[in-house]
Each structure stands twice: as C-alpha cells, then as structure tokens.
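**Q** just a sequence and a predicted model for now, questions to come.
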Amino acid sequence: MLQIKSLRKSFDGFQAVKDANLSVNQGEVVAVIGPNGAGKTTLFNLVSGQLRPDAGSVLFKGEDIRGLSPYQLCRKGMSRSFQIVKIFSRMSVFENVQTAVISRMGKTSNFFTPAGGIAVKETERILEAMGLSGKRDRICGLLSHGDQKVLEMAISLGSDPQLLILDEPTAGMSSEETATTIDLMKRLSGEMGLTILFCEHDVELVFSFSDRIMVMQQGSTIIQGTPDQVRNDPQVKKAYLGGHD
Ligand code: ADP
Ligand code: MG
C-alpha cells in the first residue's frame, strides 16, 4: 500500500526528516512513534502531498506519488486527518461529513443539486459506523474535543479511502474518549478493511493494537517491526523507551 525509502525534508537547513523508511501493507494498522519533534507530522505531510520531499521515494499502491497534491492523492484513495482538528465549526455534524462525501463525488460547485440527495445515504452510513448518528444535528463548534476528533475521522471517511492516515488521533482526549477512538480504529480496520497509518506519542496504546510499529528519532527511522520486535530492540530501549520493558 505504501513504501517509503530514505525520505528527506529540510526547513531552512534544518533536517526535520533525515532518513525515514516505512512500509505499510494492505489491511495493516501501522503506528509511527517517536518523541515530540521526531518528524512524524512532517513525514505524514510528505506522504499526503502537503509537502514535497527533498529526496527519497514514496510509492502508494506501487505508484510514485511525489509531487501529487493532497486532492489528487485523495482521489487515489489516501485520506489524512490532522493533529489539529479541521472542521467547519458552524456547520452540523451531518453537513461536515456530507460535504466530504459530495466533494468526492465531484459536485463541489453546487451543494444544492440532487447530488446532496445521493450523499445522504452515504453520509448516514458513515455517521452510523462512527457512532455519531445521535449527534448528527449538533453544531460542530460546540462538540467536545473527543467528538470533534471522531468527527474528523468521519470526514476522512467521506472520501472512501483505502489508506487512512491519522496524526495523533487521541491527542488531548480523556481516557474514555481514547478508548472509544481506539475501538473505532480497530473497527475501521477489522470490519471495513481499511489500512491505517497513525502516529501517537502514547507508547502503551500503540503497542496494544498495532500490527507493526516504526520508531522515529530526530528525523530518522530506528526500526520498523512487530510490537515484540520493537519492544525488544536494544536501540529502541536505550534511545526511546528509557530502558523500560
Ligand atoms: P513531530 O510530529 O514528531 O512532533 P514534526 O514533524 O512536527 O515532529 O517536527 C519535526 C521538526 O521539524 C521539529 O523540530 C519542528 O520544529 C520542525 N518543523 C516542522 N515543520 C516545520 C516548518 N514548516 N518549518 C520549520 N521547521 C519545522
Ligand atoms: Mg506531530
């Protein structure tokens, strides 16, 4: 699904991503972990077309996607959410998701055409899957932080992606909201067959349900492997987990 080799990106001479390597197979849940400033968000921006890499390769479903825009990548089946929630805060939950669905259908120029009717069923299906049906008419700006993050995932689903990229999906959530979100991610992967790439700084959380984990430090990949491989890697223990098991 995704193959990243020797990816590099500098900002004014500062190498935010130096040597990132990552593979994501179809149907996998893959986590990228690393301390703040390790380059996780920058890596996701490089993958999803927000930034252009200085060097290295990014293959999505076997195709070189460097230089493609987020919009083009979305059309190809890649969708990402952001560390900071991006929603239309004056619109309802339903309208936010419907906008994403309509946009995929290529009907952005006129919301009030019959496409709105087609999008209703699909929007309802997504709200149901995300447990948001009961909140469909709420104004988004008034939702709790946790609900906004779930909504943001729902918006990502509006483009009917194969690969979902989530930047710290549980950031700022209560432990209850976190558990709900993790359950949702498990269901998206298990029941809907989505491939998920996410980053997270809560290490325990990541080890509990990722198929594979990539560890980043100062812009470089230290290792990618199964939770057991990563947990037992001497370099990871020393550099990142502080020697704890
Ligand atoms: P993470 O998501 O792992 O916390 P980031 O990718 O956000 O890390 O940042 C990696 C490093 O790159 C940080 O030191 C950050 O300050 C720097 N950085 C990120 N984006 C920019 C930018 N647009 N301009 C300059 N420096 C940036
Ligand atoms: Mg980040």
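**A** Cool, got the structure. Remember, it's a predicted structure, so these values are computed and weren't measured experimentally. Ligands and ions are numbered 1, 2, ... in the order given.
**Q** was I right to think Gly27 contacts Ser189?
**A** Yes. Using CB atoms under 8 Å, Gly27 makes contact with Ser189 at a distance of 7.1 Å. C-betas here are computed from N, CA, C, even on glycine.
**Q** who's more crowded, these two?
**A** Neighbour tally, Gly27 and Ser189, criterion other CB atoms under 10 Å: the higher count belongs to Ser189, 18 against 14.
**Q** beta partners of the residue nearest to Val203 when sequence neighbours are not counted?
**A** Among residues not flanking Val203 along the chain, Ile33 sits closest, at 6.0 Å (CB to CB, 6 or more residues apart in numbering). Taking DSSP bridges, one obtains Val215 as the residues bridged to Ile33.
**Q** which residues sit in contact with Ile33?
**A** By CB atoms under 8 Å, 6 or more residues apart in numbering, Ile33 lies in contact with Lys40, Cys199, Glu200, His201, Val203, Val206, Ile213, Met214, Val215, Met216, Tyr240.
**Q** and for Gly27 and Ser189, which residues touch both?
**A** With CB under 8 Å, 6+ apart as the test, Gly27 and Ser189 both reach Thr195.
**Q** tell me which residue in the protein sits closest to ligand 2.
**A** Proximity of the chain to ligand 2 (CB to the ion) peaks at Thr41, 3.2 Å away.
**Q** would you mind measuring from that residue to ligand 1?
**A** The gap separating Thr41 from ligand 1 is 3 Å, by CB to the nearest ligand atom, to the nearest Å.
**Q** kindly report the same for Pro53.
**A** From Pro53 to ligand 1 the distance is 13 Å (CB to the nearest ligand atom).
**Q** what's the mean pLDDT across stretch 212-223?
**A** Stretch 212-223 shows a mean pLDDT of 96.
**Q** contacts for that stretch?
**A** 15-22, 28, 30-35, 37-40, 42-43, 206-207, 224-227, 229-230, 233, 235-236, 239-240.
**Q** in strands, which of these fall?
**A** Using DSSP state E, the subset of these located in strands is 15-22, 30-33, 224-225.
**Q** ok, of those, which come out buried?
**A** 15-22, 30-33, 224 (16 or more other CB atoms under 10 Å).
**Q** nearest to Ala179, of the ones in strands among the contacts of stretch 212-223?
**A** Nearest to Ala179 among these is Ala31, at 16.5 Å by CB to CB.
**Q** nearest residue to Met216 in space, please, no chain neighbours.
**A** Excluding its sequence neighbours, the residue lying closest to Met216 (CB to CB, 6+ apart) is Gly34, at 3.6 Å.
**Q** domain assignment for this structure?
**A** 1-77+162-245, 87-160 (automatic domain parsing).
**Q** pick out the shakiest of those, pLDDT-wise.
**A** With a mean of 85, domain 87-160 has the lowest mean pLDDT of these.
**Q** doesn't Leu46 make contact with Val17?
**A** Yes. If you go by CB under 8 Å, Val17 and Leu46 touch, sitting 6.6 Å apart.
**Q** what sits in contact with each of the two?
**A** Shared contacts of Val17 and Leu46, counting by CB under 8 Å, 6+ apart, come down to Leu7, Lys9, Pro53.
**Q** show me which of those are buried.
**A** Counted by 16+ other CB under 10 Å, the shared contacts of Val17 and Leu46 give Leu7, Lys9, Pro53 as buried.
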